[in-house]
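Colleague: Can you look at this prediction? I've put the sequence above it.
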Amino acid sequence: MPLITFFSAPKPFINPHIAMIQRNAIKSWTLLEDVEIILLGDEVGLSEIAREFNLKHFPNVKVNENGVPLISSMFEIARENSNSDLLCIINADMILMDDFVDVTKQIGQKSNFVLLSQRWDYDITSALDFAEGWQLQLRKNVLEQNQLHRPSGSDFFLFPKSCYQDIPNFTIGRAGWDNWMIYKARKENWAVIDCTPALMIVHQNHDYSHLPNAKPHYDHPETNINIQLAGGQANVRYTILDSTHQLIDGKLARPKMTSLRFTRALELILRRIFFFLPETMIENIVRPKRWKKRLKENFQIN
């Protein structure tokens, strides 16, 4: 039985750069020990990649009216066809290394949890050479660029198969659903484990030419649908700052209180107390910089 089942719905393998970074990512997953991989969707080139790497491929994932896979269907297919007790949904531009499996083993047999981390953004223009020593070289190159992404972005979630049984019909590749994953875990009192100090996951930078009008995913109309399905803006404000634990030196510990974490904790407390107030009002109180920014934007508009 494999330790982890990865599942992902890659973009079409049409744009040369997108095709290259997805191939880099998927190849890196295949080099991990004790894992299996499920690819979902019928995008151009996906079946060929699945055959080349001898991976499970399920083309009949449910999609929205625009043909974009629904995360609820992805979870259902992965759960039904996994041979592992642990599932990991992951974006198809993420390069993983051996420390990912090591970290998973360190978590142990916790019943309900979700594992996540900040990513390292990396500019890459050519296919990776997976010759001996490639991980050391990649780490060196990534650290030289020094682009640790802010805590608001989550590109994978690893969790026991028993968790997340009731996923809304979110659209993959649009904003909001990943923040809801953290909200859901906190609501259910699961351990939300930030393993940023313990591993390096590498996001290969790309543009948004694959989306309508080449706009970032958070500007896409389907993002608004995701937010509605999540239950509103308050439920998609959750980030890695809302983690309940950190994995440091192989041990789980409570995150150290920082100004950002304190602000976020205060916001959550105030939301519970003043649940009847508009979603943005609490945010304006707790985050004065955002409040000033909104005032400035409204002044310019008027």
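Modeller: That came in fine, so what should we check first?
Colleague: For the chain, just list every one of the strands.
Modeller: Applying DSSP state E to the chain gives strands spanning 4-8, 35-40, 56-58, 86-90, 94-95, 113-116, 120-122, 156-160, 191-194, 202-204, 245-248, 251-253.
Colleague: got the contact list for the last one?
Modeller: Surrounding strand 251-253, the residues in contact under the criterion CB atoms under 8 Å, 6 or more residues apart in numbering are I107, A191, I193, H245, Q246. From N, CA and C alone the C-beta is placed, and that goes for glycine too.
Colleague: In the sheet, which strands lie alongside that strand, parallel or antiparallel?
Modeller: Sheet pairing of strand 251-253 (DSSP bridges) gives strand 245-248 (antiparallel).
Colleague: tell me the mean pLDDT for stretch 31-38?
Modeller: The pLDDT scores in stretch 31-38 average 98.
Colleague: Tell me the confidence at the nearest residue to D99 once chain neighbours are set aside?
Modeller: Leaving aside its sequence neighbours, D99 sits nearest to L199 (CB to CB, 6 or more residues apart in numbering; 4.2 Å). Per-residue pLDDT puts L199 at 95.
Colleague: Between the two ends of stretch 94-101, how far is it?
Modeller: 15 Å (CA to CA, to the nearest Å).
Colleague: residues of that stretch that come out buried?
Modeller: For stretch 94-101, burial by neighbour count (16 or more other CB atoms under 10 Å) applies to M94, I95, L96, M97, D99, F100, V101.
Colleague: From C163, how far out is the second one?
Modeller: Looking back up the chat, that one is I95. Between I95 and C163 the computed distance is 25 Å (CB to CB, to the nearest Å).
Colleague: likewise the first one?
Modeller: Distance, M94 to C163, using CB to CB: 20 Å.
Colleague: now the helices: where do they sit in the stretch 101-250 of the chain?
Modeller: Ranges of helices in the stretch 101-250 of the chain, per DSSP state H, counting those that start in this stretch, are 134-145, 177-187, 221-230.
Colleague: Quick check: mean pLDDT of the second one?
Modeller: What that stands for is helix 177-187. Mean predicted confidence for helix 177-187 is 95.
Colleague: what does the first one give?
Modeller: Mean pLDDT, taken over the full extent of helix 134-145, equals 96.
Colleague: Need the residues that contact it.
Modeller: I95, M97, D98, W120, D121, Y122, D123, L128, M200, V202.
Colleague: show me what contacts the third one?
Modeller: Same thing as D98. L32, E33, Q135.
Colleague: circling back to that earlier point, isn't the residue nearest to D99 right up against V101?
Modeller: No. If you go by CB atoms under 8 Å, L199 and V101 don't touch, sitting 9.6 Å apart.
Colleague: What residues are bridge-paired with V63?
Modeller: Beta-bridge pairing for V63 (DSSP bridges): P69.
Colleague: give me the number of residues near it?
Modeller: Counted with other CB atoms under 10 Å, residues neighbouring V63 total 16.
Colleague: what's the answer for the one 10 residues further on, then?
Modeller: Using other CB under 10 Å as the criterion, S73 is surrounded by 20 other residues.
Colleague: so what's it up against?
Modeller: Taking CB under 8 Å, 6+ apart, we find S73 in contact with L40, V61, K62, V63.
Colleague: picking up where we left off before, any idea which of the strands of the chain scores lowest on pLDDT?
Modeller: Of all the strands of the chain, strand 251-253 has the smallest average pLDDT, which comes to a mean of 91.
Colleague: Can you point out the buried residues in it?
Modeller: L252.
Colleague: what do you get for stretch 35-43?
Modeller: The neighbour-count check on stretch 35-43 (16+ other CB under 10 Å) flags V35, E36, I37, I38, L39, L40, G41, E43 as buried.
Colleague: With distance to Y183 added, can I get the buried residues of stretch 94-101 in CSV?
Modeller: Listed next are those as CSV, based on distance: CB to CB, whole Å:
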residue, distance to Y183
M94, 22
I95, 27
L96, 25
M97, 29
D99, 27
F100, 24
V101, 27
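Colleague: could the strands of the chain be laid out in CSV, adding distance to G67?
Modeller: Converted to CSV, these look like this (distance: least, CB to CB, whole Å):
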stretch, distance to G67
strand 4-8, 17
strand 35-40, 13
strand 56-58, 16
strand 86-90, 19
strand 94-95, 23
strand 113-116, 28
strand 120-122, 28
strand 156-160, 24
strand 191-194, 32
strand 202-204, 24
strand 245-248, 38
strand 251-253, 41
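Colleague: right, and the ones you listed - which one's nearest I71?
Modeller: Of all these, strand 86-90 sits nearest to I71, with 7.6 Å by CB to CB.
Colleague: Quick one: list the elements packing against that closest one.
Modeller: Packing partners of strand 86-90 (3 or more CB pairs under 8 Å, 6 or more residues apart in numbering; DSSP states H and E): strand 4-8, helix 71-81, strand 156-160.
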